[in-house]
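Asks: Structure here, sequence nowhere to be found:
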């Protein structure tokens, strides 16, 4: 499995330094070197046990020097893999900014991982000149697992706007408030899908409808949402709405919330980031202290060793991540309670 190399910690003020990305990732392969018999038993494990990591957003959020990692604009790391190595990757960890998710990330990342070719049972042939995965007819299909880490509040946005996310319209801020998200929630509570009066062009851009075409074999989707801890109540509203989302697949299947309570992680980062000036320092000072007046049972996670030069730095900004699991089910087997 992969592990973080704490001997080479990333600077804490870098925007890509966060839980799970405190340092460059390394893949433990020493076991493969013990003898020929062990190698033949385990040489596929590093690719089957570790996800392909894709970042679709600003280059500043991409951690340097990690294996099995690429972005739509920089494919050099995955290009180093041989076709048989790439073909044995069975999961994808996708980190995406909200406006990118609503602007076609589902399709772009599926083309990087070759989902359609895998679904059709084709084998990896390398990469096209455009940088996308190339698969040709052959052997055995792979069933992928996906993870999307969405950071709606960790970028240069107006901090006074309420967080919102709705999978059945292509841009959630088309109405400039969270009204569309809440409208969808109320409709789903009544057992019907919301009608947002979209034209045909808008319907094509709905990210929640893109899994059926671009991720047809997806079995499990983990949706991880992150924002400043001062906006946790807004994030809770998004999570409440997300529990009623369904993502249509093919053959009468869909992805549904598995009914389990969302997991929550609170973590401290740097006192200042490069995008702070765009947010406004007054708001940053307010949000740095907001958690003190908000009761929470979520402890602050220790995600990296503390170095000596960080001991007397400015107070850290706090963030919160909440994740939901969606699993593949028949559309008629809706067993999740709507009492949320």
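Replies: Yep, that arrived. Small disclaimer: the values here were computed from a predicted structure and weren't measured. Residues are numbered from 1 along each chain as shown.

Asks: Tell me the secondary structure at residue 181.
Replies: When the structure is reduced to helix, strand and coil (DSSP: H, G, I helix; E, B strand; the rest coil), residue 181 reads as helix.

Asks: unless I'm mixing things up, it is touching residue 241, no?
Replies: Yes. Under the contact definition of C-beta atoms under 8 Å, residue 181 touches residue 241, with a separation of 5.4 Å. (C-beta placed from N, C-alpha, C; glycine too.)

Asks: so what sits against both of the two?
Replies: Counting by C-beta atoms under 8 Å, 6 or more residues apart in numbering, the common neighbours of residue 181 and residue 241 are 165-166.

Asks: which stretch of helix or strand covers residue 84?
Replies: With secondary structure defined by DSSP states H and E, residue 84 is part of helix 83-87.

Asks: for residue 255, that is, sorry about that
Replies: With DSSP H and E as the criterion, residue 255 is inside strand 253-257.

Asks: Next, the buried residues of that strand.
Replies: For strand 253-257, the neighbour count (16 or more other C-beta atoms under 10 Å) marks 253-257 as buried.

Asks: List just the nearest of those to residue 100.
Replies: Among these, residue 255 lies closest to residue 100 (C-beta to C-beta), at 20.0 Å.

Asks: show me the contacts for that closest one.
Replies: Contacts were defined as C-beta under 8 Å, 6+ apart; by that measure residue 255 touches 211, 218, 221, 246-247, 249, 326-329.

Asks: how near is residue 241 to residue 230?
Replies: Taking C-beta to C-beta, to the nearest Å as the criterion, residue 241 is separated from residue 230 by 20 Å.

Asks: nope, residue 255 is what I was after
Replies: Counting by C-beta to C-beta, the gap between residue 255 and residue 230 amounts to 31 Å.

Asks: got it, and residue 34?
Replies: In this structure, residue 34 and residue 230 are 50 Å apart, going by C-beta to C-beta.

Asks: higher neighbour count, the two?
Replies: Under the criterion of other C-beta atoms under 10 Å, the comparison of residue 34 against residue 230 puts residue 230 first, with 23 against 10.

Asks: and the longest strand along the chain, what other elements does it pack with?
Replies: With DSSP state E setting the assignment, residue counts place strand 318-330 as the longest strand in the chain. Helices and strands in packing contact with strand 318-330 are listed as strand 220-228, helix 232-242, strand 253-257, strand 263-268; criterion 3 or more C-beta pairs under 8 Å, 6 or more residues apart in numbering; DSSP states H and E.

Asks: can you pull the buried residues of the last one?
Replies: I take that to be strand 263-268. Using 16+ other C-beta under 10 Å as the burial criterion, the residues of strand 263-268 that qualify are 264-268.

Asks: could I get those as CSV with pLDDT?
Replies: Below are the buried residues of strand 263-268 laid out as CSV (pLDDT from 0 to 100):
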residue, pLDDT
264, 92
265, 91
266, 91
267, 90
268, 88
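
Asks: Could you single out the nearest of these to residue 61?
Replies: Residue 61 lies nearest to residue 267 out of those, by C-beta to C-beta, at 15.5 Å.

Asks: chain center to the longest strand of the chain: distance?
Replies: 10 Å (C-alpha atoms, centre = their mean, to the nearest Å).

Asks: can you pull the buried residues of it?
Replies: Per 16+ other C-beta under 10 Å, strand 318-330 contains these buried residues: 318-329.

Asks: Closest one of these to residue 66?
Replies: Distances from the buried residues of strand 318-330 to residue 66 were compared by C-beta to C-beta; the smallest belongs to residue 321, at 19.2 Å.

Asks: Report the contact partners of the closest one.
Replies: By C-beta under 8 Å, 6+ apart, the contact set of residue 321 is 19, 149, 224-226, 264-267.

Asks: What's the per-residue pLDDT of it here?
Replies: Reading off the confidence values, residue 321 has pLDDT 92.

Asks: beta partners of it?
Replies: When bridges are assigned using DSSP bridges, the partners listed for residue 321 are residue 226, residue 265.

Asks: Distance check, it against residue 20.
Replies: With distances taken as C-beta to C-beta, residue 321 is found 10 Å from residue 20.

Asks: Please apply the same query to residue 4.
Replies: 7 Å.

Asks: Helices of this structure, start to end?
Replies: Secondary structure of the chain (DSSP state H): helices located at 36-42, 45-49, 76-79, 83-87, 98-101, 105-113, 115-119, 179-189, 200-204, 211-214, 232-242, 276-279, 281-290.

Asks: Good, we can wrap up now.
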